[in-house]
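Colleague: Sequence first, predicted model second:
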Amino acid sequence: MKITRRVKEMLSWYEGEPPGVKANLARILMNGKLAGTGRAVILPVDQGWEHGPARSFAKNPAAYDPHYHYQLAIDAGLNAYAAPLGFLEAGADSFAGAIPTILKANNANSLAVTKDQAVTASVHDALRLGCSAIGFTIYPGSEYQFEMIEEVREAALEAKSVGLAVVVWSYPRGGNLSKEGETAIDVIAYAAQIAAQIGANIIKVKPPKDHIEQDAARKVYESEKIDISTLKARIAHVMQSAFNGRRIVVFSGGEAKDIEGVYKEISEIAAGGGTGSIIGRNTFQRKKADAIEMLDHIIGIYKGKG
Amino acid sequence: MKITRRVKEMLSWYEGEPPGVKANLARILMNGKLAGTGRAVILPVDQGWEHGPARSFAKNPAAYDPHYHYQLAIDAGLNAYAAPLGFLEAGADSFAGAIPTILKANNANSLAVTKDQAVTASVHDALRLGCSAIGFTIYPGSEYQFEMIEEVREAALEAKSVGLAVVVWSYPRGGNLSKEGETAIDVIAYAAQIAAQIGANIIKVKPPKDHIEQDAARKVYESEKIDISTLKARIAHVMQSAFNGRRIVVFSGGEAKDIEGVYKEISEIAAGGGTGSIIGRNTFQRKKADAIEMLDHIIGIYKGKG
Amino acid sequence: MKITRRVKEMLSWYEGEPPGVKANLARILMNGKLAGTGRAVILPVDQGWEHGPARSFAKNPAAYDPHYHYQLAIDAGLNAYAAPLGFLEAGADSFAGAIPTILKANNANSLAVTKDQAVTASVHDALRLGCSAIGFTIYPGSEYQFEMIEEVREAALEAKSVGLAVVVWSYPRGGNLSKEGETAIDVIAYAAQIAAQIGANIIKVKPPKDHIEQDAARKVYESEKIDISTLKARIAHVMQSAFNGRRIVVFSGGEAKDIEGVYKEISEIAAGGGTGSIIGRNTFQRKKADAIEMLDHIIGIYKGKG
Amino acid sequence: MKITRRVKEMLSWYEGEPPGVKANLARILMNGKLAGTGRAVILPVDQGWEHGPARSFAKNPAAYDPHYHYQLAIDAGLNAYAAPLGFLEAGADSFAGAIPTILKANNANSLAVTKDQAVTASVHDALRLGCSAIGFTIYPGSEYQFEMIEEVREAALEAKSVGLAVVVWSYPRGGNLSKEGETAIDVIAYAAQIAAQIGANIIKVKPPKDHIEQDAARKVYESEKIDISTLKARIAHVMQSAFNGRRIVVFSGGEAKDIEGVYKEISEIAAGGGTGSIIGRNTFQRKKADAIEMLDHIIGIYKGKG
Amino acid sequence: MKITRRVKEMLSWYEGEPPGVKANLARILMNGKLAGTGRAVILPVDQGWEHGPARSFAKNPAAYDPHYHYQLAIDAGLNAYAAPLGFLEAGADSFAGAIPTILKANNANSLAVTKDQAVTASVHDALRLGCSAIGFTIYPGSEYQFEMIEEVREAALEAKSVGLAVVVWSYPRGGNLSKEGETAIDVIAYAAQIAAQIGANIIKVKPPKDHIEQDAARKVYESEKIDISTLKARIAHVMQSAFNGRRIVVFSGGEAKDIEGVYKEISEIAAGGGTGSIIGRNTFQRKKADAIEMLDHIIGIYKGKG
């Protein structure tokens, strides 16, 4: 399949990057059922690391197996599969070349007492495992945010120099942020901007709520009459905040909700111009057939059929 | 255009630097409408990082786009454009060679709980993106100031050895400084001295107020009858504090004010011998035509026509 | 002066390079009297190294002084000045930022018994001296050609990663090549191709003669009726051989001839689509006023006025 | 001038150091009007960094200029000039080889809230600037003293391996020390010992007072009847504490006093066997002619003519 | 002694070098009886390495002792002493700071079957031994010349970055050169040019004869009527060939001759504008008193009293 005009346009946003980075972005954007549309759905499975195995996989025990997620992403026709080192090492050979992979290279766990993450993999790991990208989480607002950002930057420089794309999960938390503030529209837009400024090629944020956290920001949202009344409008604002839409931004599934709630949210993300979705628990905690049906529906939404 | 006598004289101040550093300083001083005058106006756009996207760009939504700022700096005939990694990566190819760029290599954000910054880019980034200089913020007074200064020094040694100029944003804050003290004349003069002593080639400070913060300093200002009664006099004192005028010092726009207030302030900066201005929000938060008209007026002031 | 459409088009040929390389190519293409035209005239002064000082400079003893050549290139409004380490070190500070420079980083001398060159400068030297490019000679055909090519490649990879452009002097000689073969059209076209294939951004070759050296090549030139009857036609063929004109190719002055002979040759180079000229001895062996008059005439030819 | 017997003897104290370190110590001891006497007067100018520009230079505004201090040290015939990076960079080329320099490589400022210093220069800086030594401050007693000492040691090891001498400003402060205790004889003697033990080649301390700070020390001073009644006696005790006089120890000017007070103090330092003086503010805050006259008198004292 | 105007002018030739290199050149030019004159006499003792101990030292057995040469250079009031690693290591401590030293860092021996040299010391050795410069021999013309030149360049880049000056012994030999050609005027002038082009700060060549070796050069010498009739004229031509006199060039003693022959030759070197002499065997193979008398006479010649 030839690279579509839309994908070529998207690659042109990354004008400062070496061709290898663009080639890997193209691999992701040209894979699966959404290939060439400029939309993307990615399967991330770092919950075993982040929340523990039972909380992550007990509802659908097949998901304890690392091969399960590779196969799910492939069977559902997704754009890419993202996971920590261990999960990728455990399937990279069997699924070599079968789907673009993103090595999630820092991780936290729920036993931790600090809002920080450990660097758990290297650019070299991503290369030896045939990954297309390397991913990092940052916690803007946290007292560890600057160290985390410095770790990402160091790895991103190295990754790009060897042609790997860089994905940043930008999750505000810690410091003076209220719990509600973590998904406030001003904070999510800010999180997208920060990820873009540190050089992320693909940005992951949570769907923003209509709450405004920062007083200094509220004044501007009110005086400039920035529309935050609907999720669609908020998504559009986040995309604008990601270099006027010149960055790929994918949205996580947000809070647990019923399946219709998921579809509705994704319809608004699609309508607001979000690049796509990155959905973990909502998929692999269902039976595989159900998950594939759900993902098929989501893909349909992004194709404009949902 | 041949290097002017004035610019050659300014380059001679940097006698300890390798020729590459002087070549890059010359590129900045010989660019735009002020080329060769020894004066400089620089566009800095790190507010997306520092204050968030809406607070920075909502007033003039075209400014969400990283290309906008390159084009604004070029169209206004400025000396250089300074921005964080992401903004430069997003335009460095389209605008290759079009205007000298300064990579702002550390950054903070308004979600942060500490008076610190993250190192967000490297000397290698500046080289691969074709920048003329690398820039850092320090917060003299902050409890993080020594770590920040050490980060600058390490990067500055590397930068100069490969011919990049070094710009330091010297913004006193934190520690025992009062809010008013951040722009006190003794503190701003001190901030300029510190930046010069750590090896900055170009120094950015805020326009100083007639307040004096430190008691030990007050005695000297009074006994030596240092004139701080007008902004012009204070600027002259800051320039003197920057190695007797042997360093390039540019002044930020200071607090929000109406356009006549901006012109008046800049007239005093020019009259006091300040090298120039580095103005961000006051420009890109206006419509482009208005911003260019304003910058043209400012350039006129520095040319002695304002 | 803003980057012209033609120069932007030329930069787009180097799509695989980091922005810094394009910025440096832009600096060369946007400098001097031919700025923005897409044509270039470069002053190379490595003859002191290559042929000895008296043979190079005795005709015009002012040229023994390294500052002379910087000033000549500037006063004549050329695009760039190329020289070995010593000549650049001896003027890089006085002429910082005054004209783009190319560090000729390998050199031979006429005392040598082998068709080889010594690597005489490094990428780090080019950076500390503020150069825009690093240059190397290769001798396709020589028994040392592969070592030379490997040295170029190693330096070119490093140079491009730090934003320096790469210039290759591609001079076939040695091995089985006849003296006449060194400027045969098939061999010169081949030399341009080899330089382009090893990653040269700017290629220097000699103007080709209508001789054909290789029997295998002759068959094709005849069967395909490649026009080599005029210098214009041969230049067009060399440009075609340099990636269908998508590389900058400059031609040396060729054999000694009278000034009208020089102008005539350059008219054909210009008519054939050659990017420009790189003329050393023919310029600095004349009195400075005569050299500038000659270069002005040559520049006129490239501007279409000659 | 040949190395004198006295200087050779002094060099022999540093028997563990590589010859390069001794060569640099010899350069300092063989320079200026005290060359060869085994005495030394050094000009230190880090007050701009430490106290701010106005407090340092307003009394004698010529001193804002970094060249002023080089010239003062040369004209007064001093042994060496010590300053932070920026001040040395700004004159190292104009005054290359004119006087031995000491790069003061850590610095604090009066805006700081901690008794710490930032490392502001490196051994590489000292080499590229042609310095003879690298200098560091430690604050014995401060809660940061161990980090400071570790920074000195790390740099000292590197410095000595490349032939640079190491100077330590040993200024007790912080922790449980009273203000008076900072210049107590037991504390100053201790500070000299600590500096010698971490490998300092040249030690700078303040002239000690007859106060005793530590109870445990007082017992010994009393039981052993250590004479601390005169400054001369206290200086002799400090020299003894610096490896029985086998280290170069220079004394700062101490508190502001009239010129006769300065001469009297220095006479006692000389009589007590102190190596010399390191006087900053007392010199550069006077008119240059007065400073030179004063320094000439001081030099006379050390020559035994005062 | 203050740096003289002449020495400052000479330092300005090395505008591309860091201040440390100029400081070390100043140390050499400001040492000994010729201090400040812009002339220099250097003692080189590498003959033990190059020709064997008996051939070098048997005539004056005191010269077997490495301390002998340090003392000779000091007692004679020379500018510097140059020797291989072992000789310097054996005296660097005893003579620390007593005279500037040049570490001769590559060496050959008369047992060798190739016209090559071994790299026998490093930049780090020069630093730990307190040297002012590092020296290398190249053999232009030899089949090993390119490797030798590459070794020099690598070490020179490192040396300069840490403030050491670079001395090149440029001795044409090997390849197609005739024995007579090794000191032919065209070849010696070429040798000086090559050393300057690879970045030498100080160049050592042999006094040139009126022979011309290269046919291509002969044409130019004849057509341009270059005066090579007297040694004075030839020296002037060599100085011109060393960047129009902008490099320090010292001449070796040439062939064995009686003492009047030596004085006559040096008078011509001085008259032709040569910077000075570098004389080994002619000095240390005499009794020390005789050597000092001879050197005193030579120094007198350079002072214009000979």
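Modeller: That came in fine, so what should we check first?
Colleague: Any stretches of chain A with poor pLDDT?
Modeller: Within chain A, the stretches with pLDDT under 70 are A:254-256, A:306.
Colleague: can you give me the helices in it?
Modeller: For chain A, helices defined by DSSP state H occupy the ranges A:5-12, A:19-29, A:47-51, A:53-57, A:66-75, A:85-89, A:123-128, A:145-161, A:185-197, A:215-223, A:231-241, A:259-271, A:281-284, A:288-302.
Colleague: farthest residue from the center of chain A?
Modeller: Distance from the C-alpha centroid of chain A, by CA atoms, centre = their mean, peaks at residue A:223 (31.5 Å).
Colleague: Can you tell me which of the helices of chain A is most buried?
Modeller: Ranked by mean neighbour count under mean count of other CB atoms under 10 Å in any protein chain shown, the helices of chain A are led by helix A:185-197, which reaches a mean of 30. Every C-beta, even on glycine, is put in place using the N, C-alpha and C of the backbone.
Colleague: Which neighbouring elements make contact with that helix?
Modeller: strand A:165-170, strand A:202-205, helix A:215-223, helix A:231-241, helix B:47-51, helix B:53-57, helix B:85-89 (3 or more CB pairs under 8 Å, 6 or more residues apart in numbering or on different chains; DSSP states H and E).
Colleague: and those as CSV, adding distance to chain C?
Modeller: CSV is the format used below for those (distance: least, CB to the nearest CB, whole Å):
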stretch, distance to chain C
strand A:165-170, 16
strand A:202-205, 21
helix A:215-223, 32
helix A:231-241, 24
helix B:47-51, 20
helix B:53-57, 23
helix B:85-89, 8
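Colleague: Format those as JSON lines; extra columns: distance to residue A:44.
Modeller: Below are those laid out as JSON lines (distance: least, CB to CB, whole Å):
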{"stretch": "strand A:165-170", "distance to residue A:44": "8"}
{"stretch": "strand A:202-205", "distance to residue A:44": "8"}
{"stretch": "helix A:215-223", "distance to residue A:44": "29"}
{"stretch": "helix A:231-241", "distance to residue A:44": "18"}
{"stretch": "helix B:47-51", "distance to residue A:44": "26"}
{"stretch": "helix B:53-57", "distance to residue A:44": "25"}
{"stretch": "helix B:85-89", "distance to residue A:44": "23"}
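Colleague: Verify the stated contact: residue A:120 with residue A:108.
Modeller: No: with contacts counted by CB atoms under 8 Å, residue A:120 stays clear of residue A:108, the gap being 9.6 Å.
Colleague: where do the contact lists of the two overlap?
Modeller: Both residue A:120 and residue A:108 are contacted by residue A:49, under the criterion CB atoms under 8 Å, 6 or more residues apart in numbering or on different chains.
Colleague: Put the alpha carbons of stretch A:118-130 into CSV.
Modeller: Output in CSV follows, covering the C-alpha atoms of stretch A:118-130 (Å, rounded to 0.1, in the frame of the first residue of the first chain):
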residue,chain,number,x,y,z
ALA,A,118,12.4,4.0,36.9
VAL,A,119,14.2,3.9,33.5
THR,A,120,13.7,0.3,32.6
ALA,A,121,15.0,-0.1,29.1
SER,A,122,17.3,1.5,26.6
VAL,A,123,17.5,2.7,23.1
HIS,A,124,19.7,-0.3,22.4
ASP,A,125,16.9,-2.6,23.7
ALA,A,126,14.5,-1.0,21.3
LEU,A,127,16.9,-1.6,18.4
ARG,A,128,17.7,-5.2,19.2
LEU,A,129,14.0,-6.0,19.6
GLY,A,130,13.1,-4.4,16.3
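Colleague: what about residue A:136, distance to residue C:40?
Modeller: 44 Å (CB to CB, to the nearest Å).
Colleague: now swap in residue A:175 and tell me
Modeller: Going from residue A:175 to residue C:40 by CB to CB gives 54 Å.
Colleague: now swap in residue A:191 and tell me
Modeller: Counting by CB to CB, the gap from residue A:191 to residue C:40 is 47 Å.
Colleague: one step back: between the helices and strands packed on helix A:185-197, which gets nearest to residue B:30?
Modeller: helix B:85-89 (20.8 Å; CB to CB).
Colleague: Check whether that closest one comes into contact with chain A.
Modeller: Yes: using CB under 8 Å from any CB of the partner chain, helix B:85-89 reaches chain A at B:85, B:86, B:87, B:88, B:89.
Colleague: just how off-centre is that helix within its chain?
Modeller: Mean-position distance between helix B:85-89 and its chain equals 18 Å (CA atoms, centre = their mean, to the nearest Å).
Colleague: do the same with stretch A:45-57
Modeller: With CA atoms, centre = their mean, you get 17 Å for stretch A:45-57.
Colleague: okay, residue A:175 and residue C:40: which has more neighbours?
Modeller: residue C:40 (26 against 18; other CB atoms under 10 Å in any protein chain shown).
Colleague: Report the contact partners of that one.
Modeller: C:28, C:29, C:34, C:79, C:80, C:248, C:250, C:275, C:276, C:277.
Colleague: Just the ones in strands from those, please.
Modeller: The strands, defined by DSSP state E, take in C:80, C:248, C:250, C:276, C:277 from the contacts of residue C:40.
Colleague: so, if you compare the residues you listed, which one comes nearest to residue D:156?
Modeller: Nearest to residue D:156 among those, with distances taken as CB to CB, is residue C:80, at 46.0 Å.
Colleague: OK, contacts around the residue nearest to the closest one when sequence neighbours are not counted?
Modeller: Nearest residue to residue C:80, sequence neighbours excluded (CB to CB, 6 or more residues apart in numbering or on different chains): residue C:100, at 4.3 Å. Contacts for residue C:100 (CB under 8 Å, 6+ apart) come out as C:24, C:27, C:28, C:31, C:79, C:80, C:81, C:131, C:132, C:133.
Colleague: and which of the residues you listed is nearest residue E:48?
Modeller: Minimum separation from residue E:48 among the contacts of residue C:100 (CB to CB) is found for residue C:131, which lies at 41.9 Å.
Colleague: Now do the contacts for that closest one.
Modeller: B:20, C:88, C:100, C:101, C:102, C:103, C:164 are the contacts of residue C:131 under CB under 8 Å, 6+ apart.
Colleague: Now tell me what touches stretch A:41-57 from outside.
Modeller: By CB under 8 Å, 6+ apart, stretch A:41-57 touches A:28, A:32, A:34, A:63-64, A:69, A:72-73, A:76, A:78-84, A:87, A:102, A:104, A:107-110, A:120, A:204, A:250, A:252, A:276-281, A:283-285, A:295, A:298-299, A:302.
Colleague: Buried ones among these?
Modeller: Among those, those buried by neighbour count (16 or more other CB atoms under 10 Å in any protein chain shown) are A:28, A:32, A:34, A:63, A:69, A:72-73, A:76, A:78-84, A:87, A:102, A:104, A:107-108, A:120, A:204, A:250, A:252, A:276-281, A:283-285, A:295, A:298-299, A:302.
Colleague: Get me the contact residues on the stretch 51-200 of chain A for chain B.
Modeller: A:140-141, A:143, A:145-147, A:149-150, A:153-154, A:157, A:172, A:175-177, A:186-187, A:189-190, A:192-194, A:196-200.
Colleague: ugh, wrong one, the stretch 201-306 of chain A
Modeller: Where the stretch 201-306 of chain A comes near chain B, counting by CB under 8 Å from any CB, the residues are A:214, A:216-217, A:220-221, A:224, A:226, A:237, A:240-241, A:243-244, A:246.
Colleague: which residue packs closest to residue A:171, ignoring adjacent ones?
Modeller: Among residues not flanking residue A:171 along the chain, residue A:139 sits closest, at 5.7 Å (CB to CB, 6+ apart).
Colleague: tally of neighbours for the one you found?
Modeller: 26.
Colleague: Isn't it up against residue A:145?
Modeller: Yes: Residue A:139 lies in contact with residue A:145 (CB under 8 Å); the separation is 5.6 Å.
Colleague: Touching both of those two, which residues are there?
Modeller: With CB under 8 Å, 6+ apart as the test, residue A:139 and residue A:145 both reach residue A:174.
Colleague: any idea how far residue D:291 is from the residue in the stretch 201-306 of chain A that chain D sits nearest to?
Modeller: Per CB to the nearest CB, residue A:216 is where the stretch 201-306 of chain A lies closest to chain D, at 25.9 Å. Distance of residue A:216 to residue D:291, computed by CB to CB: 52 Å.
Colleague: Nice, that's everything, thank you.
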